[in-house]
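> task: produce atomic coordinates for the following.
(one chain, ligands or ions: 1)
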Amino acid sequence: MSRVSYVNGRYMPYGSATVSIEDRGFQFADGVYGAIALINGCFIDVEAHFDRLEHSLGDLKISLSKSRRSLHLVMHELARRNRLKNGFLYIQVTRGVAHRDFKFPKNVKSTLVIILCSGSFGKIAVKKVITVPDIRWKRRDIKTTALIAQVLAKQTAVEKGADDALLFDNSGFITEGASSNAWIIDKDDNLLTRPAKDAMILKGVTRNTLLRLCREKNIRVIERPFSVKEAYQAKEVFITGSTSLVVPVVEIDGHKIGNGKPGVLTSELFKMYMVYANDPKRKQERWNEK
Ligand code: PDD
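Residues are numbered from 1 along each chain as shown. Now for the predicted structure:
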């Protein structure tokens, strides 16, 4: 089956979908994106993803002349045309096409690209990670396409035989994963995750949903930074994100976490998240979205 993507108002075969060489996304990484999970025919937490996309666009003063409703329609149409019920959707918006000049161009329409890839959810995965200094810019609350620091972090991980990377700040505290939020269950059984109130980390939609689910189940979460050392000594470590959901981390920099297998609470949280994602009420949401 040939895949279909969406570029500036047109559904295009994946292989021939292109944007200009003078697109500011290509020239300057002058753009933002969102990644949304499609699970059993439903896009998860769409409104929260749109809220964050609008926050990122707003802070970079990029305008997108498409309503949420139109975006929903395109997303469902892409799922239909690609015959996919499970996958990852990437919405990418750049400032548009203009002659190379650092300043914002005038009267330029933003570029909108939406790609849907197949993916599968449901089985708990595990990851070995390394830690690397967080060398990103200071506005991590903006989900920018300027991802070179994360690319380098993940490449370093692969070269060291790991799967992913956790990033740490100048004081030795974990900020987040290269494309995820980080959590630990410390030696005193506290479930900890770094607060997302400042711009030090991305306000993860999955993180936020999990916080809500924990509140509903009376699972106490303490939002405070934790150090690399605390992570080494933790009983359980996991990361969250829209494409990976809840993933146990079983090794950090060669230190085995717990018994090297997914921990009890992490497995429970993964199940809780899957129940939430597969809630039959979401089917209703799916049609309301349309
Ligand atoms: N990344 N932190 C960073 C730096 C991220 O890139 C992501 C997601 C998250 C988790 O956010 P959310 O739960 O809203 O997906 C945290 C996506 C999955 C990506 O880059 O593909």
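> so how far is residue 39 from residue 87?
Applying Cβ to Cβ, to the nearest Å, the value for residue 87 to residue 39 is 9 Å. From N, CA and C alone the C-beta is placed, and that goes for glycine too.
> same check, this time on residue 171
Separation of residue 171 from residue 39 (Cβ to Cβ): 37 Å.
> again with residue 215
22 Å.
> so the two - more neighbours on which side?
Neighbour tally, residue 215 and residue 39, criterion other Cβ atoms under 10 Å: the higher count belongs to residue 39, 22 against 11.
> torsion angles phi and psi at the more buried one?
When read as degrees, to the nearest 10, the backbone of residue 39 gives phi -120, psi 120.
> where does it land on pLDDT?
Per-residue pLDDT puts residue 39 at 97.
> beta partners for it?
Here residue 39 sits in beta bridges with residue 42, as judged by DSSP bridges.
> residues touching it, list them.
Contacts for residue 39 (Cβ atoms under 8 Å, 6 or more residues apart in numbering) come out as 86, 121, 277-278.
> ok, of those, which come out buried?
86, 121, 277 (16 or more other Cβ atoms under 10 Å).
> which residue sits closest to residue 36, ignoring its sequence neighbours?
Spatial nearest neighbour of residue 36, excluding adjacent residues (Cβ to Cβ, 6 or more residues apart in numbering): residue 89 at 4.5 Å.
> and that neighbour, which of the three is it?
What DSSP: H, G, I helix; E, B strand; the rest coil gives for residue 89 is strand.
> that one reaches residue 43, doesn't it?
Yes: if you go by Cβ atoms under 8 Å, residue 89 and residue 43 touch, sitting 6.7 Å apart.
> so what sits against both of these two?
Joint contacts of residue 89 and residue 43 (Cβ under 8 Å, 6+ apart) are 36-37, 75.
> roughly how far apart are residue 113 and the ligand?
According to Cβ to the nearest ligand atom, to the nearest Å, residue 113 and the ligand sit 14 Å apart.
> and that residue, how many neighbours?
For residue 113, using other Cβ under 10 Å, the count is 21.
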